[in-house]
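In: quick one: sequence plus predicted model below, questions after.
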Amino acid sequence: MLRLGVLASGSGTNLQALLDACAAGRIAGRVEVVVSNVPGAQALDRAARAGAAAVVRPSKAEPDRAAYDRALVEVLRAHRVDLVCLAGYMRVVTPAFLAAFGPAPATRGCPRVMNIHPGLLPSFPGLHAQRQALAHGARLAGCTVHFVDEGTDTGPIVVQAAVPVLPGDTEESLGRRILAQEHRIYPQAVQWFAEGRLSLEGRAVRLDGAAVPEPDALVNPPIEPR
């Protein structure tokens with residue numbers, strides 16, 4: 001069974017999607033620990049309700065980023081985490097953190113840190129991806145699950161889902177449609193990892209040695225935000 005550690009800074013709806021998928025057997029794993037840098041984050045309440053450890057590490061808890069991430073690694077290792085999932089985590093992790101959760105023999109070259117981003121990478125990385133898409137007049141927006149590297153939203157792409165940008169869309173209305181797809185593809189990507197079906201060839205992520213299918217071929221239906 002895959003042991004998950006989730007890092008979250010906010011409300012934790014993607015965390016909830018992972019918790020729900022674990023409870024329903026759609027992820028062969030369990031969220032062991034949720035760590036937030038924001039005291040009082042709703043994600044901590046979600047963790048506690050699901051029986052996962054809920055740990056607060058305030059952003060100023062350590063003198064610098066390197067020390068903070070060393071302490072974070074200790075927490076995750078104490079819970080014997082196999083995969084770290086970033087879910088609205090508003091800090092950039094350090095190279096030392098990524099090295100602590102680098103590829104292992106069983107992961108077929110895949111790193112052990114995964115993220116969900118509300119944009120179709122490599123377009124619109126960083127903050128406010130929905131706002132960026134609207135400002136650029138994009139016809140399509142969406143979300144991306146990717147492995148994390150030392151750049152900002154630059155890691156190898158696992159799977160993406162697109163939604164149309166509709167006339168009159170606001171950042172909020174577009175964000176809601178994207179979020180429904182995030183809740184769909186993030187659990188699926190984690191399950192593929194749990195099954196050992198993902199591999200990394202250069203920068204290309206493969207599923208069973210072939211290209212990852214389009215989102216319409218995925219098994220899981222969209223999960224409404226809670």
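Out: Yep, that arrived.

In: any idea how far residue 151 is from residue 104?
Out: As judged by C-beta to C-beta, to the nearest Å, residue 151 and residue 104 stand 22 Å apart. Any C-beta I mention is one placed from the backbone N, CA and C, and that applies to glycine too.

In: run through who's touching stretch 123-139.
Out: 117-119, 141, 152-154, 164-165, 169-171, 174-175, 178 (C-beta atoms under 8 Å, 6 or more residues apart in numbering).

In: and the helices in the protein?
Out: Assigned by DSSP state H, the chain shows helices spanning 13-23, 42-50, 65-78, 95-100, 129-135, 171-194.

In: and among these, the most buried is which?
Out: Greatest average neighbour count among the helices of the chain goes to helix 13-23 (a mean of 23), per mean count of other C-beta atoms under 10 Å.

In: how far does it sit from the chain's center?
Out: Relative to the chain's own centre, helix 13-23 is displaced by 11 Å; criterion: C-alpha atoms, centre = their mean, to the nearest Å.

In: what average pLDDT does it get?
Out: On average, the pLDDT along helix 13-23 is 98.

In: can I get the CA coordinates of that helix in CSV?
Out: Only the C-alpha atoms of helix 13-23 are listed here, as CSV (Å, rounded to 0.1, in the frame of the first residue of the first chain):
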residue,chain,number,x,y,z
THR,A,13,-9.8,20.3,-2.0
ASN,A,14,-7.2,18.3,-3.9
LEU,A,15,-6.2,16.7,-0.6
GLN,A,16,-9.9,15.8,-0.2
ALA,A,17,-9.9,14.2,-3.6
LEU,A,18,-6.9,12.1,-2.7
LEU,A,19,-8.5,11.1,0.7
ASP,A,20,-11.8,10.2,-1.0
ALA,A,21,-10.0,8.1,-3.6
CYS,A,22,-8.0,6.2,-1.0
ALA,A,23,-11.2,5.6,1.0
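
In: spatially central, which residue of this protein would that be?
Out: In the chain, the C-alpha nearest the mean C-alpha coordinate belongs to residue 115, at 2.9 Å (C-alpha atoms, centre = their mean).

In: with adjacent residues omitted, what lies nearest to residue 157?
Out: residue 146 (4.9 Å; C-beta to C-beta, 6 or more residues apart in numbering).

In: ah, wrong one, I meant residue 53
Out: residue 33 is the one closest to residue 53 (C-beta to C-beta, 6+ apart), at 4.2 Å.

In: try residue 175
Out: residue 130 (4.7 Å).

In: please report how far residue 135 lies from residue 123.
Out: 12 Å.

In: okay, now the nearest residue to residue 113 once chain neighbours are set aside: neighbour count?
Out: Nearest residue to residue 113, sequence neighbours excluded (C-beta to C-beta, 6+ apart): residue 148, at 4.1 Å. Using other C-beta atoms under 10 Å, residue 148 has 24 neighbouring residues.

In: hmm, residue 98 and residue 148 touching each other?
Out: Yes. Between residue 148 and residue 98 there is a contact under C-beta atoms under 8 Å: 6.5 Å.

In: so what sits against both of these two?
Out: Taking C-beta under 8 Å, 6+ apart as the criterion, residue 148 and residue 98 both touch 111, 113.

In: tally of neighbours for residue 209?
Out: For residue 209, using other C-beta under 10 Å, the count is 9.

In: as CSV, the helices of the chain with distance to residue 209 would be great.
Out: Converted to CSV, those look like this (distance: least, C-beta to C-beta, whole Å):
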stretch, distance to residue 209
helix 13-23, 24
helix 42-50, 34
helix 65-78, 30
helix 95-100, 25
helix 129-135, 31
helix 171-194, 12
